[in-house]
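Chemist: Sharing a sequence plus its predicted fold:
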Amino acid sequence: MKLLVTGGAGFIGSNFIRHILQTYPDYVVVNLDKPTYAGNLESLSDVENHPNYRVIFGDITNPADVETAFQSRVDVVVHFAAESHVDKSILNPGVFVHTNVVGTQCLLEYARRYGVQKFVQISTDEVYGTLGQTGNFTEDTPLQPNSPYSASKASADLLVRAYHETFGLPVNITRCSNNYGPYQFPEKLIPLTIIRAMNGQSIPVYGDGLQIRDWLHVDDHCRAIDLVIHHGVAGEIYNIGCNNEWTNIDVVKQILHELNQPDDLIHFVKDRPGHDRRYAMDASKLKRDLGWTPSIGFEKGLADTVQWYLHHDAWWKRVLTGEYRSYLAVQYGERLDGQL
Ligand code: NAD
Ligand code: DAU
């Protein structure tokens, strides 16, 4: 099987490519990535010379780049490429619409023209909006996105659905909860906290820190996508999550504990506008129909992730460039007492 993976230089995409090459020695992977600030081909340095792996530098919003990728006659598209950070979508919504909506439609169009066997859209629980204290998102929960990021992902999901209904394109949409694990860019809560705590810097916690996220290890996520590629029924949506709800403040405290750092590094800062209070996924359809079970417990997975960042400082130090520091200045400003 030949897979076109978009956004394979990013966090989940790079872990997914490694998973496929290790699990299926005869599969071929074509990675289409721009890459943006969030894409880092060093995340794939261990497979860059693999005979079944090839990278194409290209933009999913550029039809010529996308056609080049499809000319290599792929069987399946796994579409990760996106602008993925909610805070950045509040600072600059336009690029999220362009990449996540226009880029997805461009890929769908070539997937249709080239007659691929399956198009898997990697979406998010955030398209469902926010939950109160009880209940879970199911695949039937209405879409109520609250940020420009989640609105762009919901829009892309609707285009994927439309290409299935109108053109008969065999699609699946997966919607997962918050991922954590190796190679995550340090703009997201867990790697940002680990790296700042390692350096004894203050940790920005938005609002009261009691927002809840349902954490999923990236390896469990990759195994779920693998099942959807091979066994997902065309046109179906699958939620992915493992009933692992944590408040942000408890996640941060757990990381500080792992690193033997004091809780007084925590700095409560102004809340994110439109901040979703709670996410919780009902993944019973994926478990029942495709036999998925998550295998990595959160305490162990988080401790391993902390160790990974401790032992891969060369990887994350290279991404802490001038651009990253300018982003921290805009996003957190004076709220971190100048500790950017
Ligand atoms: P990421 O930001 O780490 O990686 C995104 C990748 O897409 C990067 O390699 C980037 O260079 C590439 N990209 C961006 N714009 C592009 C363009 N125009 N053309 C080609 N490539 C482009 O993101 P991630 O965290 O790995 O997320 C991957 C996917 O999973 C996204 O679609 C995201 O919405 C979804 N998702 C992520 C999470 C999570 O917790 N990280 C949870 C749910 C869903
Ligand atoms: O739920 C899935 C989504 O998870 C994905 O679709 C997104 O691509 C991914 O970025 C992630 O979105 P979140 O906004 O939930 O993740 P983030 O790591 O940015 O934030 C997690 C929680 O931590 C959220 O409630 C905001 C809070 N937070 C985040 C940062 C960066 C803080 O309190 N302080 C911070 O500095």
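Modeler: Received, thanks. Ligands and ions are numbered 1, 2, ... in the order given.
Chemist: Need the pLDDT of L340.
Modeler: L340 is assigned a predicted lDDT (pLDDT) of 58.
Chemist: Equivalent analysis for R318, please.
Modeler: For R318, the predicted pLDDT is 85.
Chemist: Which secondary structure element is home to it?
Modeler: Using DSSP states H and E, R318 maps to helix 313-319.
Chemist: go on, K253?
Modeler: In this assignment (DSSP H and E), K253 forms part of helix 248-258.
Chemist: That helix packs against which elements?
Modeler: Judged by 3 or more CB pairs under 8 Å, 6 or more residues apart in numbering; DSSP states H and E, the packing partners of helix 248-258 are helix 189-198, strand 203-206, strand 212-214, strand 266-269, helix 298-311. Where C-beta positions appear, they are placed from N, C-alpha and C, glycine not excepted.
Chemist: Pull out the buried positions in the fourth one.
Modeler: Put plainly, it is strand 266-269. Across strand 266-269, burial judged by 16 or more other CB atoms under 10 Å covers 266-267, 269.
Chemist: go on, the longest one?
Modeler: Taking 16+ other CB under 10 Å as the neighbour-count basis, helix 298-311 is seen to contain the buried residues 298, 301-302, 305-306, 308-309.
Chemist: Which pair in these has the greatest spatial separation?
Modeler: Within the buried residues of helix 298-311, F298 and Y309 form the most distant pair, 16.3 Å apart (CB to CB).
Chemist: Show the pLDDT at the residue of the chain found nearest ligand 1.
Modeler: Proximity of the chain to ligand 1 (CB to the nearest ligand atom) peaks at G10, 2.0 Å away. At G10, the predicted lDDT confidence score is 97.
Chemist: which ones are touching it?
Modeler: Neighbour list for G10: 33, 35, 38-40, 43, 80-81, 84, 185 [criterion: CB atoms under 8 Å, 6 or more residues apart in numbering].
Chemist: Which one of the residues you listed is nearest to ligand 2?
Modeler: Closest to ligand 2, out of all of the contacts of G10 and judged by CB to the nearest ligand atom, is S84, at 3.8 Å.
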